Structures are given as structure tokens and as C-alpha cells.
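Engineer: Below: sequence and its predicted model.
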Amino acid sequence: MSNAYNVVKQFETRVAKHFGLKYGVAVDCCTSAIFLSLMYRQATWPDSFGVRRHAVLPERTYISVPFAVMDARLFPQFEPIEWTTHYNIMPWHVIDAAKLWRNADQFTPGVWNGLWCVSFHIKKPIPIGRGGMILTNDETAYAWLRKARYDGRTEGVPLDKDEIKTRGWHRYMTPEQAARGMALMDIYPEGVTIPHEDYPDLSKMPVFKE
């Protein structure tokens, strides 16, 4: 991988440190972070949830989240869950933390030992414009997710020299986005205030009735 991608690694390290976690895996958006995290859970957890596996979500959240659940071959199960900055997609311990931006002194995400999915959308605390990241203390998850977001490839190895052993997806963050992220962290270390959003009750939408 070219030196330009060192910028992505620097951004990952900086965001992980901000949250007080060990590892960060930068992706193209928070929805991709949720999707990849759910795919990792299914690839590494014993299948003890039955054939019709589900993922519990708030009735009111952004619509891309249940779509990510469906893309991950799971069934969204909507519940009246109240949340402000984050919630746990159960039983998978994947946390949609799209609106969360607190440093390690204020908040300790490690108590859930989950996969934390943050957003850098233009309406989020560090508004790159588009982008997301998975934060974790799990070294095995970190290694799996780095390959998964980069087409299953090994970073730094030319494609014709690489042995692709597992499926991946084209979901990586570009160096330009990472550089903007670090610049905005310098300007807004505690993030910017994000506007309140009224989400509709997704459980009543026809697309989720099937």
C-alpha cells in the first residue's frame, strides 16, 4: 500500500485513542461499519440463534441501519428503544454510535466489549462529509475487519501477489477523507453540535413488513 494510506492509519489510531480503545478500522460510511461488524460476528460466533436470526433495533433510527442488517442476512426486529447518541444492536454487540463523540476521560466504551461504529457524515460531530470507523479492543476482529473492508486483500501486497482466502467488500476510507478528519479534529477536538433529528417509526414502513 502506498504511503498515502499511512494517513488512514494515522486517523484510525487517533480516533481509537480519543475513545480509549485500541484499534480503529476506517470505512466509507457508518452503515458499512455496521454491516461489516455484523458479518464479522456471524463469521466468528457459533450459530446458536436459530435459522431466522434477528437483530434488535430501535423503531426510530436511520433507515440505512435495518437495510445493513438485511444485507448481512439478518432480520431487523424493531423495539421501542430510546437512545440519544448510541445503542447496542442485540444480540450481536455491534453498537451504532453514529452520533457519539466523547473522549476516553468522559466515557469508557470498553464496558460492552463490542464493535463501536462511528460516523463522519456531514451532520455528525467530526463532519468529514462521508466516512465511518469501527472501534474495538479485539485484535482478532481488527485483523478480520481490515481485510474485509479492503476486498479481502492484504494491505501493502500487490493483488497479483496476494492470496485472497476470505471474501471482502469495497468499503475502505480514502486518504483524502482521513486527512480531512485529522484536520477537523485539530479544529474541533470535542466535535461540533449536531442537530436533532426526528426519525419516523420504521416498523410501520411497507418495506419492512415482509
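Structural biologist: Sure, I can see it.
Engineer: Show me where the protein has its helices.
Structural biologist: 6-19, 30-44, 64-71, 139-148, 175-187 (DSSP state H).
Engineer: For residue 206, which of these is the nearest?
Structural biologist: Each of the helices of the chain has some distance to residue 206 by CB to CB; the shortest is helix 64-71, at 12.9 Å. Where C-beta positions appear, they are placed from N, C-alpha and C, glycine not excepted.
Engineer: Identify the residues contacting that closest one?
Structural biologist: 31-32, 34-35, 38, 55, 57, 75-76, 78, 89, 96, 202, 208 (CB atoms under 8 Å, 6 or more residues apart in numbering).
Engineer: picking up where we left off before, deepest of the helices of the chain, which one?
Structural biologist: Neighbour counts averaged per stretch over the helices of the chain are highest for helix 30-44, at a mean of 23; criterion: mean count of other CB atoms under 10 Å.
Engineer: For that helix, name the packing helices and strands.
Structural biologist: For helix 30-44, the packing partners by 3 or more CB pairs under 8 Å, 6 or more residues apart in numbering; DSSP states H and E come out as strand 23-27, helix 64-71, strand 94-96, strand 115-119, strand 132-136, helix 139-148.
Engineer: any chance of those in a markdown table, plus mean pLDDT and distance to residue 157?
Structural biologist: Formatted as a markdown table, the helices and strands packed on helix 30-44 follow (pLDDT from 0 to 100; distance: least, CB to CB, whole Å):
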| stretch | mean pLDDT | distance to residue 157 |
| --- | --- | --- |
| strand 23-27 | 98 | 18 |
| helix 64-71 | 98 | 27 |
| strand 94-96 | 96 | 28 |
| strand 115-119 | 97 | 25 |
| strand 132-136 | 97 | 22 |
| helix 139-148 | 97 | 11 |
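Engineer: can you redo those as CSV with distance to residue 172?
Structural biologist: Listed next are the helices and strands packed on helix 30-44 as CSV, based on distance: least, CB to CB, whole Å:
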stretch, distance to residue 172
strand 23-27, 6
helix 64-71, 17
strand 94-96, 19
strand 115-119, 15
strand 132-136, 11
helix 139-148, 9
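Engineer: Of all those, which one is nearest residue 179?
Structural biologist: Nearest to residue 179, of the helices and strands packed on helix 30-44 and by CB to CB, is strand 23-27 at 11.6 Å.
Engineer: hmm, who's touching the closest one?
Structural biologist: In contact with strand 23-27 (CB under 8 Å, 6+ apart) are residues 8, 11-13, 15-16, 33, 36, 131-139, 141-142, 145-146, 149, 171-173, 177-178.
Engineer: Pull the contacting residues for the closest residue to residue 98 other than its chain neighbours.
Structural biologist: Nearest residue to residue 98, sequence neighbours excluded (CB to CB, 6 or more residues apart in numbering): residue 119, at 3.8 Å. Residues in contact with residue 119 (CB under 8 Å, 6+ apart) are 29, 30, 33, 97, 98, 99, 131, 132.
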